[in-house]
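K.L.:
Okay, here's the prediction I keep looking at, along with the sequence it came from:
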Amino acid sequence: MMAKSPRKRIRWWLVGSVYALLTAVAMVVGGVVLAIDQADTTYQLAIESLQQRARNSCLMAHQTFERSVTQALRIASQAYTPNKTWDPTTALRNETADHITPWWCEWFALDNDTMAIWPPIAPAEPPPLPTETAPVWFLEAQDVEFREGNALAAIEIYRKCTGNATAKPWRQRAWTAIAACHAKLGQFNEAIEIYDRLLAETETTAAGVRLLDLHLARVDTLLHVNRTGDARTAIDRIEQDIRSRRFALRDRADAEILIRRIQSAGSVPDAEIEARRQELLDEMERQRQSRQLATLVREVFRQSESETDAFAPAGPGYQIFESRTPAGDLLLVYRDDDLADGRRIRIGARVNSAVVAASVEAISQSASTTAPDFRLTKSDSDVPADAPFAEPVGRLAPDWVLIPNERAIRHARATAATQRNVIVGATAAVGLSLILTVWAVIAGVRGQMRLAQLKAEFVANVSHELKTPLSLIRMFGETLWLGRVQDENQAREYHGIIARESERLTHLIDNILDFSQVQAGRKAYSLTECDIAGVVRDTMDGYWHELERAGFEHHVQIEADLPTIQADANAIAQVLVNLLSNAVKYSGDRKYVAVAVRRTSLGSRAAVEISVEDHGIGLSPADRQRVFEAFFRADDDRVRARRGSGLGLSLVRHTIDAHGGRIGVESGPEHGTTFRIVLPV
């Protein structure tokens, strides 16, 4: 049976290798697809777990708030009294510290007609005066007071407007004007008496003039008569009435006027003026919010009485009402109670949605074992477009949602990526190992084939190398032995040929033996103190005749006072002979050889460099990479035409490596070759 040729074997190896490679690629691609799909599933499961945690946090918070709302409304209802002293915040103060979360913004109470009975509301402006025409006497008195400047005459005319025939608002306006005229005339006591009487007759507001204006006018009059103590008392009463909401500050200008009176009376040190101003402004804002809440609550309840779904029960013991108004979103919780006198009231509070939402966020964070996984945001504005979910906080905080923060999303992605990477890595490892195995087999086969080819070429070259000198030695030896050469000069020439061929044969055999020892790991070098300059000089003297015979121009340049090195002199000499032999073989028509020895460095150590330069055929970049391989000979007809074993430069590299040195080559096609050997001192 005929064996398969090497070409066919290689073909079958390539077919099998391609099949194995395609299998490995398919395995890797399938693993990647599986990893991506599994990673997506893992990511979705992680996000669903986060969303369930967020939903549980919202549920826990709402359960807590349902209990808190129920208890707070019950306590506020029990504390209610049918007067303006009822204050649910005070009633809840002690409870808040224990177990009731302060979720409310403002409390309210409405009667049967949805009129606000809490919080107490002080009008910022007096009621409008009657629509009838102002009394003639009042207009005449104003003309006398302001145009003629006759305050005394104006008093008499104003008094005509204070009778019962005149409407009450105009009577109050007239008495106020009379007090002002007395003050203009310097009759301050009379003015104070009138102001006291007007204030005593008024409970919450004057019909024709603002209570605050009456109080301030009285304070000004007291200050004119230097009754500073009474003025301070009057100012204290003004502030108390503002806090109890008998009347209201209209705007910041009212607050500034009152602050100036406080400064004039000296009732507050200058250092505390700014704090007192801020207290007044804060109270003014609270009153504004109370008026707004009362108006808003009254209107939305009136408009929604027929909308039964708006009042659907939202929890045990309370109801919830949600409305969007021009003034803003309104979320109320309330309960209806019957009073002992048969009246029915509705007690409730406006929910502070931010507090509810913050509580949900706190519960979600407390459930995290490390850093928080969620953050709170407005549902209509701040939710990122790429947020995987936005869990609504619930009806008590309708504008808030809980979303996973960046850390939680990164963790979910990292978990999915880890699983994906594990699958991809395992698949890639298996595929890569298969690819590497196939590649190693291919490389091994190719290497063995290349090695076999090189060995075959080596055997052919060595056979030729051995046959040629042996033939010459035999031929010229027989000629001389048979006495066929009578000319003494010709006989001497034949003897020289026999000697040179014997030397060449010895050199070839030595290279083969050295290579055999290198391959077996038995090649040893005797390192001693070596005068490298002497070794180079002696080697060149011994090779001089060969260079001269071949017609080479040769130069030797040795730097003076070179240091000695630890080296095997014979091995270094053999290295130099190999390099000179290559230069002679492959120089072509440009016969030039230069050998130089000089100082240099090898890393941080001093060293000696030996360079061998020729102007021969040179090496291509590809051949330059392989020039030190065993059995290698350049793919050039001029090289193939020369005898050689392909072992010389391989032995040179091994020798230099054994000496701890370095060898390099600089060459280019038709530009000659320079070998540089660096040996450490």
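P.N.:
Right, received. Where do you want to start?

K.L.:
Bridge partners for residue 675, pull those for me.
P.N.:
Beta bridges link residue 675 to residue 612, residue 665, judged by DSSP bridges.

K.L.:
same check, this time on the one 4 residues further on
P.N.:
Listed beta-bridge partners, residue 679: residue 608 (assigned using DSSP bridges).

K.L.:
Check whether it really touches residue 610, as I assumed.
P.N.:
Yes. Proximity of residue 679 to residue 610 meets the contact threshold set by Cβ atoms under 8 Å, at 7.4 Å. Yep, even glycine has a C-beta here, placed from its N, CA and C like the rest.

K.L.:
Need the overlap of contacts for these two.
P.N.:
By Cβ atoms under 8 Å, 6 or more residues apart in numbering, residue 679 and residue 610 have these common neighbours: residue 532.

K.L.:
Next one: the nearest residue to residue 134 once chain neighbours are set aside from residue 153, what distance?
P.N.:
In space, residue 134 comes closest to residue 170 once its chain neighbours are excluded; the distance is 6.6 Å by Cβ to Cβ, 6 or more residues apart in numbering. According to Cβ to Cβ, to the nearest Å, residue 170 stands 19 Å off from residue 153.

K.L.:
Just want to know which of the two has more residues nearby.
P.N.:
Counted by other Cβ atoms under 10 Å, residue 170 and residue 153 do not tie: residue 170 has more neighbours, with 20 against 15.

K.L.:
how about residue 592, what does it touch?
P.N.:
When contacts are counted by Cβ under 8 Å, 6+ apart, residue 592 touches 552, 553, 554, 613, 614, 615, 672.

K.L.:
now do 10 Å
P.N.:
Counting by Cβ atoms under 10 Å, 6 or more residues apart in numbering, residue 592 makes contact with 552, 553, 554, 555, 583, 613, 614, 615, 616, 672.

K.L.:
Neighbour count added to those residues, as TSV?
P.N.:
Formatted as TSV, the contacts of residue 592 follow (neighbours: other Cβ atoms under 10 Å):
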residue	neighbour count
552	19
553	11
554	20
555	11
583	26
613	19
614	27
615	19
616	24
672	22
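
K.L.:
From the residues you listed, which land in helices?
P.N.:
Among the contacts of residue 592, the members found in helices (DSSP state H) are residue 583.

K.L.:
Now compare the contacts of residue 592 and name the two farthest from each other.
P.N.:
Maximum pairwise distance among the contacts of residue 592 (Cβ to Cβ): 15.4 Å, between 555 and 616.

K.L.:
Any chance of the backbone angles for the residue nearest to residue 598 when sequence neighbours are not counted?
P.N.:
Of all residues not flanking residue 598 in the chain, residue 559 sits nearest, at 4.4 Å (Cβ to Cβ, 6+ apart). When quoted as degrees, to the nearest 10, the phi and psi of residue 559 stand at phi -70, psi 140.

K.L.:
What about residue 559, how many residues nearby?
P.N.:
Neighbours of residue 559 using other Cβ under 10 Å come to 13.

K.L.:
Could you pull up the contacting residues of it?
P.N.:
Contact analysis of residue 559 by Cβ under 10 Å, 6+ apart lists 533, 596, 597, 598, 599, 600, 608, 609.

K.L.:
Just the buried ones out of these, please.
P.N.:
Buried by 16 or more other Cβ atoms under 10 Å: 533, 596, 597, 608, 609, out of the contacts of residue 559.

K.L.:
my read: the fourth one touches residue 662, true?
P.N.:
In other words, residue 608. No. Judged on Cβ atoms under 10 Å, residue 608 makes no contact with residue 662 at a distance of 11.6 Å.

K.L.:
shared neighbours of these two, which are they?
P.N.:
Here residue 608 and residue 662 have 602, 677, 678, 679, 680 as joint contacts, going by Cβ under 10 Å, 6+ apart.

K.L.:
Using a markdown table, please lay out these together with pLDDT and neighbour count.
P.N.:
Converted to a markdown table, these look like this (pLDDT from 0 to 100; neighbours: other Cβ atoms under 10 Å):
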| residue | pLDDT | neighbour count |
| --- | --- | --- |
| 602 | 85 | 16 |
| 677 | 91 | 23 |
| 678 | 92 | 21 |
| 679 | 91 | 23 |
| 680 | 90 | 17 |
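
K.L.:
any idea which of these is closest to residue 524?
P.N.:
Comparing the shared contacts of residue 608 and residue 662 against residue 524 with Cβ to Cβ places residue 679 closest, at 17.8 Å.

K.L.:
For residue 525, see how far away the closest one is.
P.N.:
Residue 679 is 12 Å from residue 525, by Cβ to Cβ.

K.L.:
got any residues that touch both of those two?
P.N.:
567, 572, 659.

K.L.:
who wins for most neighbours among the residues you listed?
P.N.:
Taking other Cβ under 10 Å as the neighbour criterion, residue 567 ranks highest of the shared contacts of residue 679 and residue 525 with 27 neighbours.

K.L.:
nearest residue to it other than its sequence neighbours?
P.N.:
Closest residue in space to residue 567, ignoring its immediate chain neighbours: residue 530 at 4.1 Å, by Cβ to Cβ, 6+ apart.

K.L.:
again, but for residue 238
P.N.:
Residue nearest to residue 238 in three dimensions, not counting chain neighbours: residue 215, with 4.9 Å by Cβ to Cβ, 6+ apart.

K.L.:
The one you found - how many residues pack around it?
P.N.:
For residue 215, the neighbour count with other Cβ under 10 Å is 22.

K.L.:
do the same with residue 175
P.N.:
For residue 175, the count of nearby residues is 23 (other Cβ under 10 Å).

K.L.:
Next up, identify which helix or strand it is on.
P.N.:
Here residue 175 sits within helix 168-184, counting by DSSP states H and E.

K.L.:
likewise residue 525?
P.N.:
Residue 525 belongs to no helix or strand, assigned by DSSP H and E.

K.L.:
Below-threshold pLDDT in the stretch 151-300 of the chain: ranges please.
P.N.:
164-166, 202-208, 267, 300 (pLDDT under 70).
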